[in-house]
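>>> Pasting the sequence and the predicted coordinates here, then a few questions.
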Amino acid sequence: MCSPLLPVSNKVRSLLASDFNAILKVINDAAQVYKGVIPGDRWKEPYMSAEELEGEIEAGVRFFGWAEGGHLLGVTGIQALKDTTLIRHDYVLPGCQRRGIGMKLLEYLRGLAETPEVLVGTWADATWAIRFYEKHGFKLVSSREKDRLLRTYWNIPERQIETSVVLRLISSF
């Protein structure tokens, strides 16, 4: 399904209600990389349920995706909250990674951010994800700041706060 190079004609597009099942598939397939890496008490099957995705959309997460040949290969979400912008649920199908899809999705969302501060949270043990965001200008925040940010902008359990990190990007408009 994935070719080695990104075709120039493909673009990031806003995802619609009709893409709901494809969004879930990308997230759950890509999240398999967390199995055995993140704490076992944080792992579940499916990683994201339909109800959780519905809740994210209702909370204001807008999803965008990268598709080729009618197949959704990568998804990401953006959520404006208070005085910041969150990057949410940034996933690329395993066989399609390392082709620039994640980078294109992230660049697109950075262009949509309406605040100078952009935050992304991920699992502390997902070192590959942390490196990806750092490569694109995000910086890890301190543990104390991470706890404050996760409690302010995310709706996650305390155990997830303990096992997560937050990265921040400050951009100028």
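Yep, that arrived.

>>> all helices in this structure, in order from the N-terminus.
20-30, 50-58, 101-112, 127-135, 143-153, 158-162 (DSSP state H).

>>> Pipe those into TSV and attach distance to residue 71 and mean neighbour count per row.
C-beta coordinates here come from the backbone N, C-alpha and C atoms, glycine included. Output for these, formatted as TSV (distance: least, C-beta to C-beta, whole Å; neighbours: other C-beta atoms under 10 Å):
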stretch	distance to residue 71	mean neighbour count
helix 20-30	8	19
helix 50-58	19	14
helix 101-112	12	18
helix 127-135	22	15
helix 143-153	32	15
helix 158-162	31	14
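
>>> Return the residues in contact with the residue nearest the centre of the chain.
Closest residue to the average C-alpha location of the chain: residue 90 at 2.2 Å, with C-alpha atoms, centre = their mean. Going by C-beta atoms under 8 Å, 6 or more residues apart in numbering, residue 90 touches 75-77, 102, 105-106, 120.

>>> Where does pLDDT dip in this structure?
Within the chain, the segments meeting pLDDT under 70 span 1, 3-10, 172-173.

>>> Could you pick out the longest strand of it?
strand 71-81 (DSSP state E).

>>> Can you spell out which helices and strands pack onto that one?
If contacts are counted by 3 or more C-beta pairs under 8 Å, 6 or more residues apart in numbering; DSSP states H and E, strand 71-81 sits against helix 20-30, strand 62-68, strand 84-92, helix 101-112.

>>> List the contacts of it.
So strand 71-81 is in contact with 1-2, 15, 19, 22-23, 25-27, 56, 59-67, 85-93, 96, 101-102, 105-106, 108-109, 112-115, 153, going by C-beta under 8 Å, 6+ apart.
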